[in-house]
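Student: how would this look folded up:
(one chain, ligands or ions: 2)
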Amino acid sequence: MNHIEYLKGEHAAHVAMFQALTPLFAQIGEVGNLLRDCIQRGGKILLCGNGGSAADSQHIAAEIVGRFKKERKGLPSIALTTDTSILTSVGNDYGYDYIFARQVEALCRPEDVLIGLTTSGNSANVVRAIETANEIGATTIGLTGGSGGKMNTLCTHNIVVPSGVTARIQEAHIFIGHCLCEILES
Ligand SMILES: O=C(CO)[C@@H](O)[C@H](O)[C@H](O)[C@H](O)COP(=O)(O)O
Ligand SMILES: [Zn+2]
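Tutor: Numbers count the residues shown, from 1 in each chain. Ligands and ions are numbered 1, 2, ... in the order given. Model (predicted):
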């Protein structure tokens, strides 16, 4: 493989995808306001996703609990991807589709926001978590890509990155996550 040619292609695809994000700015701003309102009413921000999206969930929760740019108190957020005892017991006893939904059932309250990250919009465990949060009356946000998948009809807001490539979508998700954190901190 010619690495320079490869990198030129990936870089061009990355830049094109970021340019295609501009129609999402208003929606991202609205979601940022929803997150700020959630914290102001005493709610918390829960996140879930698989693989790279699990890492993104943890990254965003860390910005909120720790800090992004501003010195401030810690704010309440939890990634539902980190407790291996819960993940393995619920996965083993009920099935992988329930690893997040069970935690949502236990932890999510009507004043909270659940952010589900799934590049396909269709991962069953994320979809079930969103459905459970909806039953509780919480606000639900999708960070997705492609067609938006099942998350389109389930979430209060589904932010759909206009790409079908998982890596590109994840690159956009962490950009959007950082922007949401900055709006939240403002
Ligand atoms: O990071 C990557 C690929 O870039 C993978 O770990 C990826 O996140 C996993 O295949 C996920 O299971 C994909 O699930 P989803 O994004 O469709 O919900
Ligand atoms: Zn990845």
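Student: would you put the C-alpha positions of the strand or helix carrying Ala54 in PDB?
Tutor: Assigned by DSSP states H and E, Ala54 belongs to helix 52-65. Only the C-alpha atoms of helix 52-65 are listed here, as PDB (Å, rounded to 0.1, in the frame of the first residue of the first chain):
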ATOM      1  CA  GLY A  52     -15.600   2.700  19.500                       C
ATOM      2  CA  SER A  53     -19.000   4.200  20.600                       C
ATOM      3  CA  ALA A  54     -18.400   2.700  24.100                       C
ATOM      4  CA  ALA A  55     -15.100   4.500  24.200                       C
ATOM      5  CA  ASP A  56     -16.900   7.700  22.900                       C
ATOM      6  CA  SER A  57     -19.500   7.300  25.700                       C
ATOM      7  CA  GLN A  58     -16.800   7.100  28.300                       C
ATOM      8  CA  HIS A  59     -14.900  10.000  26.800                       C
ATOM      9  CA  ILE A  60     -18.000  12.300  26.800                       C
ATOM     10  CA  ALA A  61     -19.000  11.300  30.400                       C
ATOM     11  CA  ALA A  62     -15.400  12.100  31.500                       C
ATOM     12  CA  GLU A  63     -15.600  15.600  30.000                       C
ATOM     13  CA  ILE A  64     -18.800  16.200  31.900                       C
ATOM     14  CA  VAL A  65     -17.800  14.800  35.300                       C
END
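Student: quick check: buried residues in it?
Tutor: With burial defined by 16 or more other CB atoms under 10 Å, the residues of helix 52-65 counted as buried are Gly52, Ser53, Ala54, Ala55, Asp56, Ser57, Gln58, His59, Ile60, Ala61, Glu63, Ile64. In this view, the C-beta of every residue, glycine as well, is placed from N, C-alpha and C.
Student: what about the strand or helix carrying Gly9 and ligand 1, touching?
Tutor: Using DSSP H and E, Gly9 falls within helix 3-19. No - figure legend: helix 3-19 not in contact with ligand 1 (CB under 6 Å from any ligand atom); closest approach 12.7 Å.
Student: over to stretch 49-59?
Tutor: Yes - using CB under 6 Å from any ligand atom, stretch 49-59 reaches ligand 1 at Asn50, Gly51, Gly52, Ser53.
Student: contacts for stretch 55-67?
Tutor: Under the criterion CB atoms under 8 Å, 6 or more residues apart in numbering, residues 45, 47-49, 74-82, 115, 117, 143, 170, 173-174, 177-178, 180-181, 184-185 lie in contact with stretch 55-67.
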